[in-house]
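Peer 1: okay, here's the prediction I keep looking at, along with the sequence it came from:
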Amino acid sequence: MIHAKAIEKNAHCQTRQSSVHPHIMSTQLPHAHSPKQKAALTENPLIANLKHVHSIIAVSSGKGGVGKSTVASNLAVTLAKQGFRVGLMDADVYGPSISKMMGGKDAEVLQKDNQLIPVEKYGVKWMSMALLTDEDTPVIWRGPMATRLIQQFLGQVAWGQLDYLIIDLPPGTGDVQLTLTQSISLQGAIVVSTPQEVAVEVALRGIKMFDEVRVPILGIVENMSGVICTHCHQETPVFPQGVVKAKANELGIHYLGSIPLDPSVAIAGDQGQPISLASGPVATIFSDISSKMVAQLQEIEARTTEATESPTQISSDEKHVLLMWKDGSVSEIPFFDLRLACPCANCVNEATGKRMIEAKDIKQGIEPVGFRPVGKYGLQISWNDGHNTGIYTFNSLRSFGA
């Protein structure tokens, strides 16, 4: 068996640094690998071990205590109920809770051919740090040891054939998150927040981190949206309403749904029987969230497959959006023309393809106020007229005006 002490003994003492560009109007993008380059990377033991995993999804939060692990475990169980092959990896090294929530804190971890065999329950294969340490033993590790564990979970757990591997990240944007995004390709991330403004503001840091490394944000889940009365079963707001949804709309990110503060959710998690196993209002909410997530992944996969172009830098001058391409060429696209060409459903009729916005509808002095790369295929632009729902594919931007 691979124990925590073995991980600590073999831990590396170096960490890779990642810088975040401070200027929103000039974004340096990491290199996007071509299909041939991706094939060469299969030599990496982590990628080789995950070659039969179709989609890897990170569940993230800015702060602790917002119910991230509850969301991760219930999403995994819901996807398994829907017939998918699902894995759940507890990457919250310092506060692992997946083991308890999945009803397997006393499960035995087996090893075969130098690989850990994940515990399987409720149709979900899962692995947690809690299985490798005593219940009363705190994990007092520096960053390099924590990242070493994550690499071993990715490369030395026999995940096998999976449709989805859900990774429950620790709160924040630290070493574990950076190691994960630098080691493997994530197909998307879900961000969990409670309704308070302070929680939402911290969650935005996680969104920006994923944007920097070009991991698509699948959406935001609002947890503890209101308390469910155990007598009348009505939901009563305990925090300001609409904060999470408003922020999602402002950023042009999907609002996947809200989960109430229902005592039955906590009881089910404490008993190791996720609420999604049963039928009921909360299980229905998780089913809806998972369906939206799957739809988002399918759309992103289709667009990423079509993408053949990817800029290395995005910036702007007084009148143009500037895109530098891998061959050294630069596209200069006038603000007005780019705003008029917005491809969103508000500007183009999806059924007929007819453009519904005209030149007269564009305000004088239109200019972008922010750029947000969407995965490896497109760019979302926020404009000073309040519009931000259009995602321009890199292919269309490269051919713009050609």
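Peer 2: Alright, I've got the coordinates.

Peer 1: tell me which helix or strand comes right after the strand ranked longest in the chain.
Peer 2: Ranked by number of residues, the top strand in the chain under DSSP state E is strand 217-228. Along the chain past strand 217-228, the next helix or strand (assigned with DSSP states H and E) turns out to be strand 235-236.

Peer 1: other SSEs contacting that following strand?
Peer 2: strand 217-228 (3 or more CB pairs under 8 Å, 6 or more residues apart in numbering; DSSP states H and E). Quick note: C-beta positions are derived from backbone N, CA and C, even for glycine.

Peer 1: and this structure, what are its domain boundaries?
Peer 2: 34-306, 313-399 (automatic domain parsing).

Peer 1: first to last residue in the shortest one, what's the distance?
Peer 2: Right, the one you point to is domain 313-399. In domain 313-399, first residue to last residue: 16 Å (CA to CA, to the nearest Å).

Peer 1: how distant is that domain from the center of its chain?
Peer 2: 24 Å (CA atoms, centre = their mean, to the nearest Å).

Peer 1: just the mean pLDDT for that domain, thanks.
Peer 2: Averaged across domain 313-399, pLDDT comes to 91.

Peer 1: and the longest strand of the chain, how far from the chain's centre?
Peer 2: 15 Å.

Peer 1: neighbouring strands - and their directions - for that strand?
Peer 2: Counting by DSSP bridges, the strands paired with strand 217-228 are strand 188-193 (parallel), strand 235-236 (antiparallel), strand 255-261 (parallel).

Peer 1: what is the burial count for Arg307?
Peer 2: Small correction: residue 307 is Ala, not Arg. The number of residues packed near Ala307 is 17, by other CB atoms under 10 Å.

Peer 1: nope, Asp327 is what I was after
Peer 2: Asp327, neighbours per other CB under 10 Å, totals 6.

Peer 1: distance check, Ala58 against Ala199.
Peer 2: 18 Å (CB to CB, to the nearest Å).

Peer 1: more crowded one of these two?
Peer 2: Shown here are Ala58 and Ala199; by other CB under 10 Å, Ala58 has more neighbours (25 against 22).

Peer 1: tell me the bridge partners for the more buried one.
Peer 2: Ile167, Ala189.

Peer 1: any buried residues in the top helix by length along the chain, and which?
Peer 2: Secondary structure assigned by DSSP state H gives helix 281-306 as the longest helix of the chain. By 16 or more other CB atoms under 10 Å, the buried positions in helix 281-306 come out as 282-283, 285-287, 289-290, 292-294, 296-297, 300-301, 303-304.
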